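Q: Give me the fold of what follows.
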Amino acid sequence: MSILKRGLKGAPVKRLQEKLGIGADGDFGPGTEKAVRDFQQANGLAVDGIAGPDTFTAMGLHELVLLRVGSRGDAVKKLQEALGIDADGRFGPGTKKAVADYQSANGLEADGMAGPATLAKMNEFSDFTEDTVQRAEVQADEEHFESEPLPELKGTEPVKSAMAEPAPKKSLWGRVKGWF
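A: I've put the predicted structure just below:
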């Protein structure tokens, strides 16, 4: 699932840190984890120190929301309701197929993942606009993250794999999608 947690690096982490008002070095360490926990506690979210779709939405970081197999929570439930399928809040194979079908019917790349471009097409996600879609692209001051070697993660241990699925080159999650 597309989440940010301790050990990850990159442009999405930098944006999260900026929103939290802490040092924005793009490295999710213990300080970032504490700041995320504090934000979650103050906003009635599950307190785990991991930033996912519900935390991003509560922060107004809609450009970081990427729902895919393994995602859970209110954002997934809202997506499922918008698609007219069983809304259990868990993004599984059925949700992936429904998202891909929706994307095909709406002229989007049918990858089965609901990011800003897909959510912006849905009336139920009015906070997702064309501006959100543009913000989901890597900005000029974030390009240096693209050249940094980043680990792929399985659980919490770095692993090497040639099988990571690449994201579109300009996607903010481009370096993160294949980690989980």
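
Q: do you know how far T132 is from G92?
A: Counting by Cβ to Cβ, to the nearest Å, the gap between T132 and G92 amounts to 25 Å. (C-beta placed from N, C-alpha, C; glycine too.)

Q: In terms of neighbours, single out the busier of those two.
A: Between T132 and G92, T132 has the larger neighbour count (other Cβ atoms under 10 Å), namely 21 against 15.

Q: what packs against the helix or strand hosting that one?
A: Applying DSSP states H and E as the criterion places T132 in helix 130-135. The contact analysis (3 or more Cβ pairs under 8 Å, 6 or more residues apart in numbering; DSSP states H and E) places helix 130-135 against helix 116-120.

Q: hmm, who's touching the helix it packs on?
A: Helix 116-120 is contacted from outside by 62-63, 65, 67, 79, 99, 102-103, 106, 108, 125, 128-130, 132-133, 135-136, using Cβ atoms under 8 Å, 6 or more residues apart in numbering.

Q: got it, and stretch 16-32?
A: 4-11, 13-15, 35-36, 39, 51, 56, 59-61, 64, 142, 145.

Q: Buried among those? Need that as a selection in PyMOL.
A: Taking 16 or more other Cβ atoms under 10 Å as the burial criterion, the selection of buried members of those in PyMOL is written as:
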select buried, resi 4+5+8+9+10+11+13+14+15+35+36+39+51+56+59+61+64+142+145
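
Q: among the contacts of stretch 16-32, which are in helices?
A: Secondary structure assignment by DSSP state H places A11, V13, K14, R15, A35, V36, F39, F56, M59 of those in helices.

Q: Pick out the lowest-pLDDT one from those.
A: Checked by pLDDT, these have A11 as the lowest-scoring entry (90).

Q: I'd assumed A136 was in contact with that one.
A: No: taking Cβ atoms under 8 Å as the definition, A11 is not a contact partner of A136, at 10.3 Å.

Q: coming back round to it: which positions in the helix holding T132 come out as buried?
A: T132, V133, R135.

Q: domains of this protein?
A: The chain breaks down into these domains under automatic domain parsing: 11-64+138-179, 74-134.

Q: Done for today, thanks.
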